[in-house]
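Q: sharing a model that was predicted from the sequence below.
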Amino acid sequence: MSRIGKLPIPLPQGVTAEVTGQDVKVKGPKGELHLTISEPIKVSLEDNSILVSRPDDEATSKSLHGLSRTLIANNVHGVAEGFSKSLEIVGTGYRAASKGSAIELALGLSHPVVVTPPDGVTLTVEGNNKIIVSGISKQAVGEVAANIRKLRKPEPYKGKGIRYEGERVRRKAGKAGK
């Protein structure tokens, strides 16, 4: 039995879940998320918690068991509290500014880069070098943060670029002088 998959998912105060066959809908104070679970996995709602079970010990069932439980748990956490990722901009002249719901980035290019978030994701700028990506879907928040980081990855010589908060950039020595 999967150590992660067999754990029940408790529903916090104010969060409701609805299980219809393979579809799981979770509603909470921050919003609503929908997830379709792969076929051999069974989901049931008991005593204000969600249980995930598998019918057999085949390799595909085992691999989907823990994954399905984690995806449902992420949806429950997202509608209850939400997710966020912080990005730091490092470099002379590199900065970010809010433009309505979008942000405008100056990244040393010949033009400013405007990033518009998808539905369910909000972008906020603190100061002029910190971006916070937040929303209820962990997948959407991570994807938007990765796409922003991809615009100017941290380079190894001076460390300039966009990085996750707390990310360590391995620095290279560069050319040695005479």
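A: Arrived safely, thanks for sending. This one's a predicted model, so the numbers in the text were calculated from it and none came from an experiment. Residues are numbered from 1 along each chain as shown.
Q: can we go C-alpha only for contacts and neighbour counts from here?
A: OK.
Q: next SSE downstream of the longest strand belonging to the chain?
A: Using DSSP state E to assign secondary structure, the strand with the most residues in the chain is strand 83-90. Following strand 83-90 in sequence order, the next helix or strand is strand 95-99 (DSSP states H and E).
Q: strands paired with that following strand, and their directions?
A: Note on strand 95-99: by DSSP bridges, its sheet partners are strand 102-106 (antiparallel).
Q: just name whatever secondary elements the following helix or strand past the strand it pairs with is in contact with.
A: Going down the chain from strand 102-106, the next helix or strand is strand 113-115, by DSSP H and E. Contacts defined by 3 or more C-alpha pairs under 8 Å, 6 or more residues apart in numbering; DSSP states H and E place strand 113-115 against strand 102-106.
Q: and the angle from the strand it packs on to strand 83-90?
A: Strand 102-106 runs at 20 degrees relative to strand 83-90, counting by axes from the mean of the first three to the mean of the last three C-alpha atoms, to 10 degrees.
Q: which outside residues touch strand 102-106?
A: 93-98, 112-117, 123-125 (C-alpha atoms under 8 Å, 6 or more residues apart in numbering).
Q: looking at the lengthiest helix in the chain now, give me its mean pLDDT.
A: Ranked by residue count and defined by DSSP state H, the top helix of the chain is helix 59-80. Regarding helix 59-80, the rounded mean pLDDT is 93.
Q: in it, what counts as buried?
A: By neighbour count on 16 or more other C-alpha atoms under 10 Å, the buried set for helix 59-80 is 61-62, 64-66, 68-80.
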